[in-house]
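**Student:** quick one, what's the 3D model for this:
(one chain, ligands or ions: 1)
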Amino acid sequence: MESDSGIKIPSRLPLLLSHVGVLLPGSTIRFSVDSSRNMHLVHQRLLKGTSLKSTIIGVIPNTKDPEQYTDDIPTLHSIGTAGIAVQVVGSNWPKPHYTLLITGLCRFRVSSLLQERPFVLAEVEQLDKLDQYTTLATEGITVEDGQLGELSKKFYQAAVQLLGMLDMSVPVVAKFRRLLDSLPRETLPDIVASMIRISNKEKLQVLDAVSLEERFKAALLLLTRQIEGLKLLQKTRKFRPDNAKRVRDFCGKFPGQQFSLDGDDEDEDGDDTTILERKMYGANMPEAALRVCLKELKRLKKMPQSMPEYALTRNYLDLMVELPWNKGTKDCLDIRAARALLDNDHYAMDKLKRRVLEYLAVRQLKTSLKGPILCFVGPPGVGKTSVGRSIARTLGREFHRIALGGICDQSDIRGHRRTYVGSMPGRIINGLKTVGVNNPVFLLDEVDKLGKSLQGDPAAALLEVLDPEQNHSFTDHYLNVAFDLSQVLFIATANTTATIPPALLDRMEVLQVPGYTQEERVEIAHLHLIPNQLEQHGLTPQQLHIPLDTTRHIISRYTREAGVRSLERKIGAICRAVAVKVAEGHKVTKTKTEALSPKCPTQQGDMAAPPEMPIVIDYMGLKDILGPPLFDIEVSERLTLPGVALGLAWTPLGGEIMFVEASRMEGDGQLTLTGQLGDIMKESAHLAISWLRTNAKLYQLTNMVGAPDPLEGTDIHLHFPAGAVTKDGPSAGVTIVTCLASLFSGRLVRSDVAMTGEITLRGLVLPVGGIKDKVLAAHRAGVKCVILPKRNEKDLEELPTSICTDLNFVTAENLNEVLNTAFDGGFPGTASSHKFMQLTSKL
Ligand SMILES: Nc1ncnc2c1ncn2[C@@H]1O[C@H](COP(=O)(O)OP(=O)(O)OP(=O)(O)O)[C@@H](O)[C@H]1O
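**Tutor:** Next up, the predicted model:
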């Protein structure tokens with residue numbers, strides 16, 4: 001049925017390739033857009049166009065699922081329906097997705113394809129008249145039209161009969177009757193076919209019936225079958241009026257089961273919600289949660305899909321059914337195996353491993369343990385995270401790491417309320433969804449780096465999570481129902497306890513993980529890091545050999561850290577360099593075999609010999625790969641002038657050595673302090689000066705002009721190098737005194753001595769923290785003797801034996817003892833009768 005006059009659709013139409021419904025003229029269908037071609041059509045045509053013409057598109061039915069092909073365009077159905085996009089709804093989150101509401105206008109035939117990408121554009125030929133909608137029902141087909149007239153009359157009568165059989169109120173039936181009467185007869189087959197429940201294949205038959213007569217015939221057949229089906233249904237109902245479910249099941253077997261003029265169709269979506277409901281019952285969730293889910297599902301069923309809230313509710317329900325409410329792994333704990341595994345994975349860390357094993361042993365004896373939450377505190381790269389992973393492995397549990405560094409919004413922990421656009425559950429619930437069990441090991445990494453902002457305090461939200469008494473009913477704002485976290489094993493890691501809020505710290509058992517000694521690092525490198533790196537770079541020990549001496553050299557000259565991360569990176573760099581050599585070697589050997597063939601004997605001499613395996617890395621090789629050494633053993637060089645002393649400092653990154661320098665010049669007794677010092681450190685400097693002035697006579701300290709007060713006519717400048725780093729704390733007190741004593745006496749401080757300790761005005765030395773890390777730093781720097789406060793003697797017990805044998809420890813109660821040790825041959829004025837204790841080893 002060609003149209004040569006009247007309203008015309010554009011002759012070039014962009015085509016929407018539909019793989020679900022069939023759009024018939026006169027009806028409206030919702031299409032979900034997710035394939036890339038259709039997505040481009042929406043973006044470039046529907047969302048950009050401003051004219052009415054740009055909203056007219058062609059819908060080609062029954063195209064293969066566009067997701068299944070990439071570039072090839074499938075064979076298109078030749079007949080489609082031109083339609084007008086009356087609504088475009090969508091969002092870009094969580095992934096781009098649009099829903100189009102399209103009203104069918106008329107049929108068209110695809111004449112030729114003009115473009116396939118980014119969306120399909122075709123030259124089309126219009127098949128139906130569009131003006132039929134503007135004609136009155138009475139002006140259309142009449143009985144005088146012969147067979148067509150007869151057919152249309154029959155069709156109309158059948159439609160009226162079906163309307164009478166529907167289970168609807170009288171006014172609704174009357175309304176539909178009026179609608180039926182007002183529609184032009186030629187539009188009836190399409191409209192009725194789109195309303196009765198028939199399969200897509202049958203709809204396609206109606207669409208393909210281009211001639212009106214054929215269309216009436218095809219649609220009449222379907223309509224009659226529908227009427228027969230309803231008749232049978234009514235009969236069945238009479239027999240078993242009480243068994244509505246069975247009737248429903250029975251009529252479900254009819255091809256054209258229900259008549260749904262009221263538009264309340266429950267096609268695929270209906271099945272979808274049934275599946276969701278089934279999943280809810282199967283998710284084993286607590287009753288309260290199930291009640292909430294069922295309520296939401298009821299709301300969801302009533303919502304049109306195009307409503308933004310539909311997606312929100314749907315996502316919520318999907319999460320609820322996916323959460324492991326009652327699903328867990330079975331612990332397979334064998335303490336002996338756990339010990340072997342921990343020893344295998346990690347070298348040293350004895351204290352930590354012992355505590356972890358105790359913890360696991362208690363769990364084995366009492367499974368319902370509401371145990372403490374372990375918090376590993378130590379410098380970066382000492383294996384805190386990797387011990388957490390090993391614990392999960394020993395227990396046979398799932399492992400999930402939650403990085404808390406920089407989080408400053410409490411909804412990151414507890415989720416957003418669902419009223420917000422883009423709301424999401426918090427990291428705890430998300431983690432549970434990811435691992436799919438309710439008893440994983442959660443590693444809360446970097447708890448000390450939680451922030452605070454206007455959006456609340458995430459540390460406060462963590463309080464509930466980490467409290468064994470409360471976390472069995474943890475309520476995420478997004479879920480809005482309680483989730484039992486009591487089975488989850490939480491382990492936290494931090495670099496320092498100083499920035500962990502006290503309430504949070506109180507809920508955790510802190511286990512210090514100190515830095516490693518040089519020898520421990522060498523062992524870790526050879527037992528773990530080198531084999532790991534070789535494997536990661538596809539090398540074997542037969543190809544690369546790093547001798548012990550080289551490892552020591554890397555540790556002392558190329559790294560300065562408490563952990564082993566930088567060492568691991570350096571070994572990685574060596575592996576990369578060797579991988580190039582090995583790969584080149586392969587190539588050379590291969591080419592050489594080819595070159596040796598009689599065809600080209602002359603090339604033989606040009607080939608470099610493949611490297612000899614294994615490639616052994618010596619100092620020279622190291623310099624080639626890693627460049628010149630980054631760190632010097634500088635202590636002795638820097639202590640060559642009076643007025644310099646070596647202190648020990650503690651930072652969250654481990655212990656460090658710290659030089660204190662002093663100089664004096666003519667002036668009026670001013671003290672200048674530089675090197676970004678905090679208030680406490682400045683006070684220490686003032687204390688030190690006061691003590692020295694008081695005791696100047698005793699120690700024979702003079703200023704430049706020989707006056708008894710060292711500050712008379714003299715300005716003093718104290719500097720703490722590495723000026724970019726802020727320094728604070730009282731532990732530099734003894735170092736400042738020693739440095740000033742050296743300046744005023746003109747004597748050199750011993751170059752192999754480092755010290756730490758707080759001072760008082762009366763010259764006492766008070767204890768300080770971080771002894772282990774400080775001593776390790778001193779050992780790293782090649783110091784031979786460490787001066788510590790007497791009351792820190794107990795901390796020496798924690799030091800490894802190797803360190804104790806390498807270093808001399810002098811514990812001092814007062815500054816006399818400090819000065820006596822710091823200068824060769826003691827310090828004048830400090831009664832050599834003052835005894836100080838010299839420890840070689842405490843263990
Ligand atoms: N004692 C050890 N034995 C074997 N390997 C170790 C040991 N200590 C650290 N490592 C290795 O060092 C690397 C860094 O460790 P990890 O990431 O666990 O450090 P971390 O202490 O958690 O650091 P951060 O505080 O920066 O998170 C890992 O590859 C780990 O396997």
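
**Student:** where does pLDDT dip in the stretch 201-350 of the chain?
**Tutor:** Low-confidence segments of the stretch 201-350 of the chain (pLDDT under 70): 237-271.

**Student:** enumerate every residue touching Ala193.
**Tutor:** Residues in contact with Ala193, defined by C-beta atoms under 8 Å, 6 or more residues apart in numbering, are Leu24, Glu202, Lys203, Val206, Ala218, Ala219, Leu222. Where you see a C-beta, it was placed from the backbone N, CA and C, and this is true even at glycine.

**Student:** neighbour-wise, give me the winner out of these.
**Tutor:** Per-residue neighbour counts (other C-beta atoms under 10 Å) across the contacts of Ala193 peak at Ala219, which has 29 neighbours.

**Student:** elements contacting the helix or strand harbouring that one?
**Tutor:** Assigned by DSSP states H and E, Ala219 falls within helix 212-239. In terms of contacts (3 or more C-beta pairs under 8 Å, 6 or more residues apart in numbering; DSSP states H and E), helix 212-239 is packed against helix 147-165, helix 188-195, helix 200-208, helix 244-251.

**Student:** okay, the angle between that helix and helix 200-208?
**Tutor:** 150 degrees (axes from the mean of the first three to the mean of the last three C-alpha atoms, to 10 degrees).

**Student:** got the buried residues for helix 212-239?
**Tutor:** 212, 215-220, 222-227, 229-230, 233, 237 (16 or more other C-beta atoms under 10 Å).

**Student:** tilt between that helix and helix 147-165?
**Tutor:** Using the same axes, to 10 degrees, helix 212-239 lies at 20 degrees relative to helix 147-165.

**Student:** please identify the most buried of the helices and strands packed on helix 212-239.
**Tutor:** Mean neighbour count (mean count of other C-beta atoms under 10 Å) peaks for helix 188-195 among the helices and strands packed on helix 212-239, with a mean of 24.

**Student:** quick one: average pLDDT of it?
**Tutor:** The pLDDT scores in helix 188-195 average 87.

**Student:** how about the CA coordinates for it, as PDB?
**Tutor:** C-alpha atoms of helix 188-195 as PDB (Å, rounded to 0.1, in the frame of the first residue of the first chain):
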ATOM      1  CA  LEU A 188      -7.800  -1.400  14.400                       C
ATOM      2  CA  PRO A 189      -5.700  -4.500  13.500                       C
ATOM      3  CA  ASP A 190      -2.500  -2.800  14.600                       C
ATOM      4  CA  ILE A 191      -3.900  -1.300  17.800                       C
ATOM      5  CA  VAL A 192      -5.800  -4.400  18.900                       C
ATOM      6  CA  ALA A 193      -2.800  -6.600  18.100                       C
ATOM      7  CA  SER A 194      -0.600  -4.500  20.200                       C
ATOM      8  CA  MET A 195      -2.900  -4.700  23.100                       C
END
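
**Student:** and the residue of the stretch 701-843 of the chain nearest the ligand?
**Tutor:** Pro800 (12.8 Å; C-beta to the nearest ligand atom).

**Student:** state the distance from the residue nearest to that residue when sequence neighbours are not counted to the ligand.
**Tutor:** Distances taken as C-beta to C-beta, 6 or more residues apart in numbering place Thr517 nearest to Pro800, at 5.5 Å, with adjacent residues excluded. Applying C-beta to the nearest ligand atom, to the nearest Å, the value for Thr517 to the ligand is 12 Å.

**Student:** picking that back up, closest one to the ligand among the helices and strands packed on helix 212-239?
**Tutor:** Nearest of these (C-beta to the nearest ligand atom): helix 200-208, 55.7 Å.

**Student:** what inclination does that closest one have with respect to helix 188-195?
**Tutor:** Using the same axes, to 10 degrees: helix 200-208 against helix 188-195 is 160 degrees.

**Student:** name the residues that touch helix 200-208?
**Tutor:** 20-22, 24, 61-62, 77, 79-81, 107, 189-190, 193-194, 215, 218-219, 222, 255.

**Student:** please redo it, this time with the cut-off set to 6 Å
**Tutor:** Helix 200-208 has contacts (C-beta atoms under 6 Å, 6 or more residues apart in numbering) with Val22, Ile79, Ala193, Ala218, Ala219, Leu222.

**Student:** how about the residues you listed in TSV, adding distance to Leu534?
**Tutor:** Putting those into TSV (distance: C-beta to C-beta, whole Å) gives the following:
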residue	distance to Leu534
Val22	61
Ile79	65
Ala193	70
Ala218	73
Ala219	74
Leu222	72
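
**Student:** the ligand next: which of these are close?
**Tutor:** When the contacts of helix 200-208 are checked against the ligand using C-beta under 6 Å from any ligand atom, none falls in range.

**Student:** just these now: which is nearest the ligand?
**Tutor:** Val22 (57.4 Å).

**Student:** these two touch, right, the closest one and Val59?
**Tutor:** No. With contacts counted by C-beta atoms under 6 Å, Val22 stays clear of Val59, the gap being 8.5 Å.

**Student:** partner strands of the helix or strand harbouring Thr103, with direction?
**Tutor:** Taking DSSP H and E as the definition, Thr103 sits inside strand 97-115. Each strand paired with strand 97-115, and its direction, by DSSP bridges: strand 28-33 (antiparallel), strand 79-91 (antiparallel), strand 120-126 (antiparallel).

**Student:** how long is stretch 531-548 end to end?
**Tutor:** Stretch 531-548 has an end-to-end distance of 14 Å (C-alpha to C-alpha, to the nearest Å).

**Student:** can you list the residues of this protein near the ligand?
**Tutor:** So the chain meets the ligand at 346-349, 380-386, 445, 493, 495, 524, 528, 563-565, 568 (C-beta under 6 Å from any ligand atom).

**Student:** quick one, domains of the protein?
**Tutor:** 12-133, 158-251, 268-322, 335-512, 518-626, 635-839 (automatic domain parsing).
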